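Enquirer: Give me coordinates for this.
(one chain, ligands or ions: 1)
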Amino acid sequence: LTEGSERPLKPSGVRVDSDAVLVAVLRWTLAAALLACGLTACGSGHTEAAATTTVQVKEKDFRIVVTPSRARAGLVEFVVKNHGPDDHELIVVRARNAKLPMRHDGMTIDEAALEPRTVATLEPDGPGTTRRIRVQLSRGRYELFCNMAGHYMGGMHAFLVVS
Ligand SMILES: [Cu+2]
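Expert: All right, here's what the predicted structure looks like:
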């Protein structure tokens, strides 16, 4: 605590009056804002939700199901559920018209080579978990995959089209 902070909690009589006016003005402004919101149907608290597309990503041995498989460009929230029984991770990259590059082990994708076009990464997590990750996506095709050893080869990859 510094000396300068030892100010009285309540302002002087004159300040109380000006504060009261300020509170009245704020109330009126809030009421006007709510009215405007109602007229334009934006609704308090829903503005952000409307701008975000939620995409469900269901992971299991050995499949990824993306619902819906199309989204609008902008903020996309992936809700990633692991239905097990194995641990799974999730990597989202911009897709190209080619298979993803494999590492020399022949079991996993070369994540380093994909780094420049990787938009999201979730480390492995156990069955029964749900994780959310938000990313800003521009138009294009994205590939979602799990890179646990053999999981991509086993079928754990899917696409999301952003338009
Ligand atoms: Cu997996």
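Enquirer: Not counting its neighbours along the chain, what's nearest G84?
Expert: P127 (2.5 Å; Cβ to Cβ, 6 or more residues apart in numbering). All C-beta atoms are positioned from the backbone trio N, CA, C, and that covers glycine.
Enquirer: Return the per-residue confidence for the one you found.
Expert: pLDDT, P127: 98.
Enquirer: Okay, and it sits in which element?
Expert: Using DSSP states H and E, P127 is not contained in any helix or strand.
Enquirer: What residues does it make contact with?
Expert: Counting by Cβ atoms under 8 Å, 6 or more residues apart in numbering, P127 makes contact with N82, H83, G84, P85, D86, D87.
Enquirer: Can I get the buried ones among the residues you listed as something I can paste into PyMOL?
Expert: The following PyMOL line selects those of the contacts of P127 that are buried, judged by 16 or more other Cβ atoms under 10 Å:
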select buried, resi 82+86+87
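Enquirer: Between the contacts of P127, which sits nearest the ion?
Expert: D86 (5.9 Å; Cβ to the ion).
Enquirer: From A149, how far off is the closest one?
Expert: With distances taken as Cβ to Cβ, to the nearest Å, D86 is found 10 Å from A149.
Enquirer: where's A113, which helix or strand?
Expert: helix 111-114.
Enquirer: which parts of that helix are buried?
Expert: Neighbour-count burial for helix 111-114 [16+ other Cβ under 10 Å]: L114.
Enquirer: Does anything pack onto it? Which helices or strands?
Expert: strand 88-94 (3 or more Cβ pairs under 8 Å, 6 or more residues apart in numbering; DSSP states H and E).
Enquirer: tell me the mean pLDDT for the strand it packs on?
Expert: 98.
Enquirer: low-scoring stretches of this protein, by residue?
Expert: 1-50 (pLDDT under 70).
Enquirer: which bits of it sit near the ion?
Expert: Contact residues, the chain versus the ion (Cβ under 5 Å from the ion): H88, C146, M148, H151, M156.
Enquirer: Can you show me the strands along this protein?
Expert: 52-60, 63-67, 70-71, 74-82, 88-94, 118-125, 130-137, 140-145, 157-162 (DSSP state E).
Enquirer: from these, which stretch is densest packed?
Expert: Sort these by mean neighbour count, taking mean count of other Cβ atoms under 10 Å, and strand 88-94 sits at the top with a mean of 21.
Enquirer: show me the contacts for the spatially closest residue to T54 that is not a sequence neighbour.
Expert: Spatial nearest neighbour of T54, excluding adjacent residues (Cβ to Cβ, 6+ apart): E77 at 5.0 Å. E77 makes contact with T52, T53, T54, V55, R132, I133, R134, according to Cβ under 8 Å, 6+ apart.
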